[in-house]
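# heads up, no residue letters with this:
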């Protein structure tokens, strides 16, 4: 017996898998096939969150959630009103996955293993009758009469289908195909990367972290706050990653060579920190202490020593030895430390791209292309990306869920 609708999903990642399950569950008469070019599926799910899978973020207001998306936030506002972070959590918990919200509002499986999420998706795809074809690359696709499609595979075979979802991530080949079909493609650049910095103040201090700093690029008006980490190659941590996401294109245009300014006391100005240091200089119990061995709240002593050297404060100097210029220079290092960025490093294996299909080409009520019927797009193939914390996955779950129901020809109530 001929099944009523043949659905093909190009890409076996989060968006593709979620769409496949949504489509097959919404309309059992759909024959849904996920086409994965590689030998395994759900690769980014596997490595996300250090192998724990940061499923989503505990932000439950759409208007607040979209603020975490440098690109695509406005377009996602409507979809988030239909499938939100709470819906994602409910979807997984209803299918036996216990989730937890951590202190920073990131959501993980209580098992602390991404395998839990992978097994859930694989199990319910199988139960819904979804077919997974590995090592199946799509070479191109073309329209047919009646708003149908023909897919041409890399092995030379072809197949006619009723609807196609492109969830192929950052695939240049697929972007080229979509461009040929009339879509505009925003040239891709890296997002979510760490800064390569060679600076004596950071040398040998790998692993030192700061709970909260402010990082800014004064010349461009960008800034970010959050934890900071010193690494072997420079600076990392949520504050850096957030800045790299929002300023991704600006940084790319400058070849990833620019200067940043770091305030290690984000709620205090240069003048306020200067006054605080002068107050320490005048305290009797501080006057005989060496500056480099005197704790200043939130500043590790090893890093303080490096800042003192940069401020031209002798290693043997006590607080009583400090002149006002000494104090001023140290305050500047604590609130206006300038570092020269000379390149970028991808954040582990969780590479995110800024760029893809121009968002005006997509109807976000269904995630269907505005350029041609029965072609849907979700995930990183679109010019949508977010900061770290589960937000990129949430965009994938939302897009996949809505696209899946749309392909099933079952309106979402």
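Received it, and whenever you're ready, just let me know what you need. Quantities reported herein were computed from a predicted structural model and do not represent experimental measurements.
# Going by C-alpha atoms from here, please, whenever you check contacts or count neighbours.
Fine.
# For residue 129, see how far away residue 94 is.
Per CA to CA, to the nearest Å, residue 94 is found 19 Å from residue 129.
# between these two, which one's more packed in?
Set side by side, residue 94 and residue 129 show more neighbours around residue 129, with 18 against 10, by other CA atoms under 10 Å.
# tell me the SS of that one?
At residue 129 the chain is in coil, as set by DSSP: H, G, I helix; E, B strand; the rest coil.
# Could you shift the numbering so residue one becomes 22, and keep it that way?
New numbering, starting at 22: the last item is residue 150.
# Next one: it from residue 45, what distance?
7 Å.
# Quick check: neighbours shared by the two?
Both residue 150 and residue 45 are contacted by 52, 53, under the criterion CA atoms under 8 Å, 6 or more residues apart in numbering.
# Report whether the expected contact of residue 418 with residue 35 is present.
Yes - applying CA atoms under 8 Å, one finds residue 418 in contact with residue 35, separated by 6.8 Å.
# low pLDDT regions in the protein?
Within the chain, the ranges that satisfy pLDDT under 70 run 22-24, 368-372, 431-434.
# With residue 324 as the reference, measure out to residue 223.
According to CA to CA, residue 223 and residue 324 sit 8 Å apart.
# which residues are contacting stretch 151-165?
Against stretch 151-165 from outside (CA under 8 Å, 6+ apart): 31, 41-42, 45, 52-62, 146, 170-176, 194-195, 198.
# In helices, which of the residues you listed appear?
Judged by DSSP state H, those include 41, 42, 45, 146, 194, 195, 198 as members of helices.
# Give me the nearest residue to residue 411, chain neighbours excluded.
If the residues on either side of it in the chain are set aside, residue 411 comes closest to residue 77, at 4.0 Å by CA to CA, 6 or more residues apart in numbering.
# So what's the residue count around that neighbour?
Residue 77 has 25 neighbouring residues, counting by other CA under 10 Å.
# Identify the residues contacting it.
Residue 77 makes contact with 106, 109, 110, 127, 128, 129, 410, 411, 412, 414, 415 under the criterion CA under 8 Å, 6+ apart.
# next one: residue 245
Contacts for residue 245 (CA under 8 Å, 6+ apart) come out as 235, 236, 237, 260, 261, 263, 264.
# partners of the helix or strand encompassing the second one in the sheet?
Taking DSSP states H and E as the criterion, residue 236 maps to strand 230-238. Using DSSP bridges, strand 230-238 pairs in its sheet with strand 243-251 (antiparallel), strand 279-284 (antiparallel).
# Those: which one's closest to residue 375?
strand 243-251 (16.8 Å; CA to CA).
# sorry, back to before: narrow the contacts of stretch 151-165 to those in strands?
Using DSSP state E, the subset of the contacts of stretch 151-165 located in strands is 31, 52, 53, 54, 55, 56, 170, 171, 172, 173, 174.
# Which parts of the stretch 222-371 of the chain are strands?
Applying DSSP state E, counting those that start in this stretch to the stretch 222-371 of the chain gives strands spanning 230-238, 243-251, 255-257, 279-284, 358-362, 364-367.
# ranking these by burial, who's on top?
Burial of the strands of the stretch 222-371 of the chain is given as mean neighbour count (mean count of other CA atoms under 10 Å); strand 255-257 ranks first at a mean of 24.
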